[in-house]
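K.L.:
fold the following.
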Amino acid sequence: MDRDDLKKEWRELSSAWIKEAREGKNPTRNGLLDQPMLEACGNVEGLRILDCGCGEGRFCRILLEKGAKHTLGIDLCEPLIEAAKELQSDGDVYRVADAQNLSFLGDQTFNIAVSYLNQCDLPDFQANNREIFRILKPGGKFIVANLHPMRSAVGYWHKSEDGEKQHIIVDNYFDEGERHWKLMGAWLTNFHRSLMTYMDGFLKAGFTLERIVEPSAIPEQLAKYPELDDELRVPNFIIYALRKP
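P.N.:
Predicted coordinates for the structure are as follows:
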């Protein structure tokens, strides 16, 4: 798929996505990923942060609440950027832009960059790695949350005849490329890559790996979001905490 096809998918999804982000109870982000993403970012007070694939700006606003000095959110989907600007404050800026080409940003201008379930949407994640390495200051962090490669390969549950979930199907793991899912009633394209491909890409770009996190639901989260019980069995996501030397 080319960039225009991918943009079309997100435009079709955008209304439902905005509504869910602002009115819904999103267990994946609110209940599972937000806390480990913030922990990986560390103390953000006074820092400049880039959010690749910012959507309608939710995580940018969270980072500002945590004390970030400035956040720039970029996304290729115009309706999502328009929605982000509706809640814009003095500290956050939003721009329609491609995370694979950040030529409008200067070298070493950000302290942290985050990719919150965005690299798995990019045809060329390595271009994003190179650009993020360039725009980060020495010692800067790149925090990447992706679909877990074990899940992005196939990801569906094998169920018994009575519908009981027995195990996750892992197949065609080394067959990297497009995967198509239905989300909020719209078809969405992600790109499956092996763990080795992601790690080689990060290291080739110049990053060092500080930590890998495979988020799992804790009791407090399960009490609020009981649908996260599957996360106790197999990881759905993975977070890479990277640093520019």
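K.L.:
so what does the helix or strand hosting Q166 touch, helix or strand wise?
P.N.:
Assessed by DSSP states H and E, Q166 sits inside strand 165-168. Judged by 3 or more Cβ pairs under 8 Å, 6 or more residues apart in numbering; DSSP states H and E, strand 165-168 is in contact with strand 157-159. (Each C-beta comes from the backbone N, C-alpha and C, glycine too.)
K.L.:
now for the strand it packs on, which elements pack on it?
P.N.:
Looks like strand 157-159 contacts strand 165-168 (3+ Cβ pairs under 8 Å, 6+ apart).
K.L.:
and the strand it packs on, which strands flank it?
P.N.:
strand 157-159 (antiparallel) (DSSP bridges).
K.L.:
avg pLDDT for the strand it pairs with?
P.N.:
What strand 157-159 shows for mean pLDDT is 92.
K.L.:
that strand: how far from the chain's middle?
P.N.:
26 Å (Cα atoms, centre = their mean, to the nearest Å).
K.L.:
what's the lengthiest helix in the chain in contact with?
P.N.:
In terms of residue count, the longest helix belonging to the chain (DSSP state H) is helix 3-23. Residues from elsewhere that reach helix 3-23 (Cβ atoms under 8 Å, 6 or more residues apart in numbering): 26, 55-56, 58, 76-80, 83, 98, 121, 123, 183-189.
K.L.:
swap in 7 Å and give it another go.
P.N.:
26, 55-56, 58, 76-77, 79-80, 83, 183-189 (Cβ atoms under 7 Å, 6 or more residues apart in numbering).
K.L.:
just the buried members of those?
P.N.:
In the contacts of helix 3-23, burial by neighbour count holds for G55, E56, R58, L76, C77, P79, L80, A83, A186, L188, T189, counting by 16 or more other Cβ atoms under 10 Å.
K.L.:
helix/strand/coil for L50?
P.N.:
strand (DSSP: H, G, I helix; E, B strand; the rest coil).
K.L.:
typo on my end, it should be W187
P.N.:
strand.
K.L.:
my read is that G46 contacts K66, right?
P.N.:
No: contact criterion Cβ atoms under 7 Å: G46 and K66 do not qualify, at 10.9 Å.
K.L.:
between those two, who's got more neighbours?
P.N.:
K66 (15 against 10; other Cβ atoms under 10 Å).
K.L.:
which residues are in contact with that one?
P.N.:
Applying Cβ under 7 Å, 6+ apart, the residues near K66 are L38, V44.
K.L.:
let's see 8 Å
P.N.:
Applying Cβ under 8 Å, 6+ apart, the residues near K66 are L38, C41, V44, E45.
K.L.:
list of residues touching stretch 124-144?
P.N.:
37, 40-42, 50, 52, 99-102, 105-115, 118-119, 122, 191, 193, 198, 201-202, 204-207, 239-245.
K.L.:
if we use 6 Å, what do you get?
P.N.:
40-41, 99-100, 102, 105, 107-115, 119, 122, 201, 205-206, 240-244 (Cβ atoms under 6 Å, 6 or more residues apart in numbering).
K.L.:
for E178, the count of nearby residues, please.
P.N.:
10.
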